[in-house]
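1. sequence unknown, structure follows:
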């Protein structure tokens, strides 16, 4: 069983930056794959960024070039550095994880991830 706890959300002005953290406990971290999703009011949950066990990264088109996902295996923590924030980035951000090793672990489908954090609110003011 894996537990995830997010932190780092808050209120920021357009063009500002925030760094979210997703700390994991339990389980075997070396093969944990972690992703970030977000959900704005009245909208469906959408994939933001992912980092599989290999350390490679992948992003939604809407955030590529502005957001950076990274991981610190020693701290069992994944980070989402968000720069050049826009009002359209306002949402509850949640990290999710699954075990996966080998090829084909870069999924952006929420149903592929059984472990979820509680979410953290990010609000970008115009």
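-> Sure, I can see it. Remember, it's a predicted structure, so these values are computed and weren't measured experimentally. Numbering: from 1, shown residues only.

2. any idea how far residue 85 lies from residue 93?
-> To residue 93, residue 85 is 12 Å away according to Cβ to Cβ, to the nearest Å. (Each C-beta comes from the backbone N, C-alpha and C, glycine too.)

3. residues bridging contact with the two, i.e. touching both?
-> The contact sets of residue 85 and residue 93 overlap at residue 122 (Cβ atoms under 8 Å, 6 or more residues apart in numbering).

4. does the residue nearest the centre of the chain count as helix, strand or coil?
-> Taking Cα atoms, centre = their mean, the centroid of the chain lies closest to residue 36, which sits 2.2 Å from it. Following DSSP: H, G, I helix; E, B strand; the rest coil, the label given to residue 36 is strand.

5. wait, doesn't it sit right on residue 94?
-> Yes. Shown here, residue 36 and residue 94 form a contact pair, counting by Cβ atoms under 8 Å, at 7.2 Å.

6. can you pull out the strands in this protein?
-> 3-7, 10-13, 18-25, 32-39, 46-51, 58-59, 67-72, 77-82, 91-99, 115-116, 120-125 (DSSP state E).

7. Can you say which of those is nearest to residue 105?
-> strand 32-39 (5.1 Å; Cβ to Cβ).

8. Give the buried residues for the closest one.
-> Using 16 or more other Cβ atoms under 10 Å as the test for burial, strand 32-39 gives 32, 33, 34, 35, 36, 37, 38.
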